[in-house]
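*Asks:* Fold the following for me, if possible:
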Amino acid sequence: MKILLLEDDKFIAEQIIEYFKLCEYEVVWFDNGINLIENAPLSNCDIMILDINTPGLNGIEVLKSIRAFSINTPALFITAMGDINYLKDAYRSGCNDYIRKPFDLEELEVRIKHLVYGYHSPLKKINSSYTFNMENQILYQNGNIMKLTNREKRLLYILLKREGEIVDKDEIKEYIWQDSVCDNTLRTAIKKLRDKLNDDIIKNIRGEGYTIIQDTK
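*Replies:* Below is the predicted model:
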């Protein structure tokens, strides 16, 4: 899972980053609202955690700008403010939930999982042979766990997250690698994952990107 974090308190940010690193989540951190809008992978994260009171643009202003781009990624506010008017503004800006400071990191994790996965099972059936757990990114073949690298897990995750869509190759590269990589690097990663799968699950749409072929019958 990729988390976009806006938090100007370095101590709180580092606590969040370290906690979710243990969960094998990636946290992209910004301490300034303007920097986030200008540089963050806005359309390529799984959830946004936004502090309300931040420099540049506050969390509410940031989320309003993001929603104006028609980006519907779940958003959770963290705030020390108790004024109900701030919460009203937060929900009007398009947030999905909030948590008050100080908060328990395990509670934050629970709220995040609810926003990303809802009450539904995180298991995604690809076909009669393969099932992928979106929460812990484990691939099962006929009930047996398949060994995947972290990169292969993330690759399968983003394709399944966007099931029914063609995922642009640049979006995939941005999601998987923090640094810029060439198309050959992506093609190599795709080939290695395909080599581990008996079925032709990943399809290349020439000039557009990749999609995953599901047969849930």
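*Asks:* tell me the domain boundaries of the chain?
*Replies:* 2-117, 123-212 (automatic domain parsing).
*Asks:* What is the end-to-end distance of the longest one?
*Replies:* What that stands for is domain 2-117. 14 Å (C-alpha to C-alpha, to the nearest Å).
*Asks:* quick one on the thing from earlier: just name the most buried of the domains of the chain.
*Replies:* domain 2-117 (a mean of 17; mean count of other C-beta atoms under 10 Å). The C-beta positions use only the backbone N, C-alpha and C, and glycine is treated the same way.
*Asks:* Return the distance of that domain from the chain's centre.
*Replies:* Centroid separation between domain 2-117 and its chain, computed with C-alpha atoms, centre = their mean, to the nearest Å, is 12 Å.
*Asks:* That one - what's its average pLDDT?
*Replies:* Per-residue pLDDT over domain 2-117 has a mean of 92.
*Asks:* What of stretch 168-178?
*Replies:* 86.
*Asks:* hey, C-alpha coordinates of it in PDB?
*Replies:* Extracted in PDB, the C-alpha atoms of stretch 168-178 (Å, rounded to 0.1, in the frame of the first residue of the first chain):
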ATOM      1  CA  ASP A 168      -0.500   3.400 -18.000                       C
ATOM      2  CA  LYS A 169       3.200   2.200 -17.800                       C
ATOM      3  CA  ASP A 170       4.300   5.500 -16.200                       C
ATOM      4  CA  GLU A 171       1.700   5.100 -13.400                       C
ATOM      5  CA  ILE A 172       3.100   1.600 -12.800                       C
ATOM      6  CA  LYS A 173       6.600   2.800 -12.700                       C
ATOM      7  CA  GLU A 174       5.700   5.700 -10.300                       C
ATOM      8  CA  TYR A 175       3.900   3.300  -8.000                       C
ATOM      9  CA  ILE A 176       6.700   0.700  -7.800                       C
ATOM     10  CA  TRP A 177       9.900   2.600  -8.000                       C
ATOM     11  CA  GLN A 178      10.700   5.800  -6.100                       C
END
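*Asks:* Please enumerate residues in contact with it?
*Replies:* Residues outside stretch 168-178 that contact it (C-beta atoms under 8 Å, 6 or more residues apart in numbering) are 2, 26, 41, 43-44, 151, 154-155, 158-159, 180-181, 183, 185-186, 189, 208-210.
*Asks:* And the residue nearest the centre of the protein?
*Replies:* Asp46 (2.2 Å; C-alpha atoms, centre = their mean).
*Asks:* mind listing what the nearest residue to that one once chain neighbours are set aside touches?
*Replies:* Of all residues not flanking Asp46 in the chain, Met1 sits nearest, at 4.7 Å (C-beta to C-beta, 6 or more residues apart in numbering). Going by C-beta under 8 Å, 6+ apart, Met1 touches 23, 25-26, 46-47, 112, 116, 157.
*Asks:* Distance of the residue sitting furthest away from the middle of the chain relative to Leu108?
*Replies:* Computed with C-alpha atoms, centre = their mean, the maximum C-alpha offset from the centroid of the chain is found at Asp83, amounting to 29.7 Å. Using C-beta to C-beta, to the nearest Å, Asp83 is found at 21 Å from Leu108.
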